[in-house]
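1. Give me a model of this one.
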Amino acid sequence: MNIEVKVDEITLSTVVADVLGIDEDGETYTEGQRTIADLVATEIVNRLTQSTHWPTLRQRFLDIRNEEIRAAVRPSIEDAINRPIYRTNHYGERTGEQTTLAEVIADEARKLLKEPADRYRHERGTVLQQVVRAEVKKAFETEIADMVKQARDLVTTQLGDDIARQVTAAVTAGLAKR
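-> Below is the predicted model of the structure:
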């Protein structure tokens, strides 16, 4: 008895399975097909994202993946930000003129910046004032740290020269006494 198996040509575009989905009624439907190329790509992604053997390649892959996700999502975000919307009350009823999400976000940001940083003690200023103070403090601390380092280097250089002269003079005086 001879069993003969005949396999047609297999390429990366060979379909290996149907991709099924489930609709809101619980019925299954075919969304698409999986090819050998899909399986190979999935395996490469899994190995690159889970392995610690190639950190540079892994990081490069993750950067490319993140950029592709951003590029795919960006149009939806821009559309949502620029699409006309209506302000509503707590019940979802329209309460005002047509606006955009970008305008709503800007209004909320303006309100936040004007609010007191501490609702109980107003002497600390607004959120904006505190942010500006923190940034100014950070800039001064950086600048002062640089000045202190320069002064320390200058003192070290000058003291080093003075100490070298004193040691040389002491050694010379010690040799002259002998």
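2. Point out the other helices and strands that the lowest-mean-pLDDT helix or strand in the chain packs with.
-> In the chain, no helix or strand scores lower on mean pLDDT, DSSP states H and E than helix 127-177, which sits at a mean of 81. When contacts are defined as 3 or more CB pairs under 8 Å, 6 or more residues apart in numbering; DSSP states H and E, helix 127-177 packs onto helix 101-114. C-beta coordinates here come from the backbone N, C-alpha and C atoms, glycine included.
3. and the helix it packs on, which residues are buried?
-> The neighbour-count check on helix 101-114 (16 or more other CB atoms under 10 Å) flags nothing as buried.
4. report the angle between the axes of the least confident helix or strand of the chain and helix 101-114?
-> Calculated by axes from the mean of the first three to the mean of the last three CA atoms, to 10 degrees, helix 127-177 forms an angle of 60 degrees with helix 101-114.
5. Mind listing what's buried along stretch 118-134?
-> Within stretch 118-134, the residues that count as buried by 16+ other CB under 10 Å are residue 127.
6. Ok, stretch 65-74 next?
-> Of all the residues in stretch 65-74, not one is buried under the rule 16+ other CB under 10 Å.
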